[in-house]
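Asker: can you look at this prediction? I've put the sequence above it.
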Amino acid sequence: MPASVPAVRRPASLSSQIGLTEKIFASGQDKQLAAAVDAGLALVEEGLHAEMRFADKLADVTARYLLEAGGKRVRPMLTLLTAQLGKGNTAEVLSSAEAIEITHLASLYHDDVMDEAQMRRGVPSAQSVWGNSVAVLTGDLLFARASKMVAALGERAIKLQADTFERLCLGQLHETIGPQEGEDPVEHYIQVLADKTGSLIAAAAQMGVVFSKAPVEYEEPVVVFGEKIGVAFQLIDDVIDLSAEGVKETGKTPGNDLRAGVATLPLLRLRERAESDQGARELLERLERDVIGTVDDGAITPEATAAIAALRDHDVTAQTLAEAHQWAREAIDALAPLPDGPVKKALTRFADTIVERSS
């Protein structure tokens, strides 16, 4: 067990999360929205540290390990943001935002075991510190804690949480098994992203509407928005994974996902091109020889670095970026039924910011 855990890093304010600058959001209503969500985030952060304490000393350390390593708190921020369509930061909204973030944290413990990840949020992953069993059990503890919180919110919250948890598990299962015979690999991959990432972001946005008593007709637009922006987020991550700039954001070396054997969208699109393009075939051969599945081989080789750079510069990466932008546009289009105003504007800016991360 490490002697200490990382110092707490407070989440960024709403203005830095989604670009609420004075130039773009200058009206009194916009500033009022930003202040309300920032105030809610501060309360959520306090709540997270209170809810994630355990009487058991080992569980208390392992459960708070990733919480105290930082994180953007994107999901609770979305819950608080959509809650402004209703009664705002009610006690139920705050509790649901905390439960959503704890669910997300729980999934990270499990993901790192499945992916054999060595780093998470700039610190050694839990499984690399305590081993797989402790990491899995810690994730289970956090799922249990989130479920307890959700149960206090009533049957609607329980079903929403259960449906989301089911999709998280199915997404991980399908990612692990891979596409079945006759199944399109790209369609399979997009569904994995929708299940593993989009479902929880959608639930976060829906919780805000439900527990702020906002009009019920706002639920479907924010759910569709959340799912689509979740896919866009992951596709941008596929692009960032190939960039040296990605080290600053994720703490991982370029091509980490490929080295771990993850078939990201640029690779899947390259495989499609390789069926008819000699240059694509040659690059695919280099990637399969020097990069894919080599994460346990030690330091990255010059050959691997060169192959990753070649994929980054290939048309398929630009195609992936274009597809991410399309998912983001569709997410914004889904917001059409919402009333014009600061919430809709902020959600639109959030979608834009997601895809701007690659620039």
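Answerer: Cool, the structure landed. Computed from a predicted structure; not experimentally measured. Numbers count the residues shown, from 1 in each chain.

Asker: and the residue nearest the centre of the protein?
Answerer: Against the mean C-alpha coordinate of the chain, by C-alpha atoms, centre = their mean, the closest residue is residue 197 at 5.4 Å.

Asker: neighbours around the nearest residue in space to that one that is not next to it in sequence, how many?
Answerer: Take residue 197 and drop its neighbours on the chain: the residue closest to it by C-beta to C-beta, 6 or more residues apart in numbering is residue 230, 4.1 Å away. Backbone N, C-alpha and C define where each C-beta goes, glycine included. Using other C-beta atoms under 10 Å, residue 230 has 27 other residues around it.

Asker: run through the residues that contact residue 230.
Answerer: Counting by C-beta atoms under 8 Å, 6 or more residues apart in numbering, residue 230 touches 193-194, 197-202.

Asker: show me where the stretch 151-300 of the chain dips below the pLDDT cut-off.
Answerer: Scanning the stretch 151-300 of the chain for pLDDT under 70 picks out the ranges 244-252.

Asker: tell me which element the closest residue to residue 211 other than its chain neighbours is part of?
Answerer: Leaving out its chain neighbours, the residue that sits closest to residue 211 by C-beta to C-beta, 6+ apart is residue 92, at 3.9 Å. Assigned by DSSP states H and E, residue 92 belongs to helix 91-115.

Asker: list the buried ones in that helix?
Answerer: 92-113, 115 (16 or more other C-beta atoms under 10 Å).

Asker: follow-up on the earlier one: wait, what's in contact with the residue nearest to the centre of the chain?
Answerer: Here residue 197 is in contact with 171, 230-231, 233-234 (C-beta under 8 Å, 6+ apart).

Asker: rerun that using 7 Å as the cut-off
Answerer: 230, 233-234 (C-beta atoms under 7 Å, 6 or more residues apart in numbering).

Asker: can you redo the residues you listed as CSV with distance to residue 258?
Answerer: Converted to CSV, those look like this (distance: C-beta to C-beta, whole Å):
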residue, distance to residue 258
230, 21
233, 19
234, 15
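
Asker: from the centre of this protein, point out the most distant residue.
Answerer: Extreme point of the chain relative to centroid (C-alpha atoms, centre = their mean) is residue 278; 35.4 Å.

Asker: could you measure from that one over to residue 303?
Answerer: For residue 278, the distance to residue 303 (C-beta to C-beta, to the nearest Å) stands at 20 Å.

Asker: ditto for residue 215
Answerer: Distance from residue 215 to residue 303, by C-beta to C-beta: 57 Å.

Asker: residue 279 now?
Answerer: Distance from residue 279 to residue 303, by C-beta to C-beta: 17 Å.

Asker: ok, back up a step: just name the closest of the contacts of residue 230 to residue 260, please.
Answerer: residue 193 (16.1 Å; C-beta to C-beta).

Asker: what number of residues lie near the closest one?
Answerer: By other C-beta under 10 Å, the residues close to residue 193 number 23.

Asker: for stretch 51-67, buried residues please.
Answerer: In stretch 51-67, counting by 16+ other C-beta under 10 Å, buried: 51-52, 54, 59, 61-67.

Asker: put the alpha carbons of it into PDB.
Answerer: Extracted in PDB, the C-alpha atoms of stretch 51-67 (Å, rounded to 0.1, in the frame of the first residue of the first chain):
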ATOM      1  CA  GLU A  51     -20.000   9.700   0.500                       C
ATOM      2  CA  MET A  52     -16.800   7.800  -0.500                       C
ATOM      3  CA  ARG A  53     -15.500   7.300   3.000                       C
ATOM      4  CA  PHE A  54     -15.500   3.700   4.400                       C
ATOM      5  CA  ALA A  55     -15.000   2.500   7.900                       C
ATOM      6  CA  ASP A  56     -12.700  -0.200   6.700                       C
ATOM      7  CA  LYS A  57      -9.200   1.400   6.500                       C
ATOM      8  CA  LEU A  58      -8.100  -0.400   3.300                       C
ATOM      9  CA  ALA A  59     -11.300   0.300   1.500                       C
ATOM     10  CA  ASP A  60     -11.200   3.900   2.500                       C
ATOM     11  CA  VAL A  61      -7.800   4.300   0.900                       C
ATOM     12  CA  THR A  62      -8.400   2.300  -2.300                       C
ATOM     13  CA  ALA A  63     -11.900   3.800  -2.800                       C
ATOM     14  CA  ARG A  64     -10.700   7.400  -2.600                       C
ATOM     15  CA  TYR A  65      -7.600   6.800  -4.600                       C
ATOM     16  CA  LEU A  66      -8.900   7.900  -8.000                       C
ATOM     17  CA  LEU A  67     -11.200  10.500  -6.600                       C
END
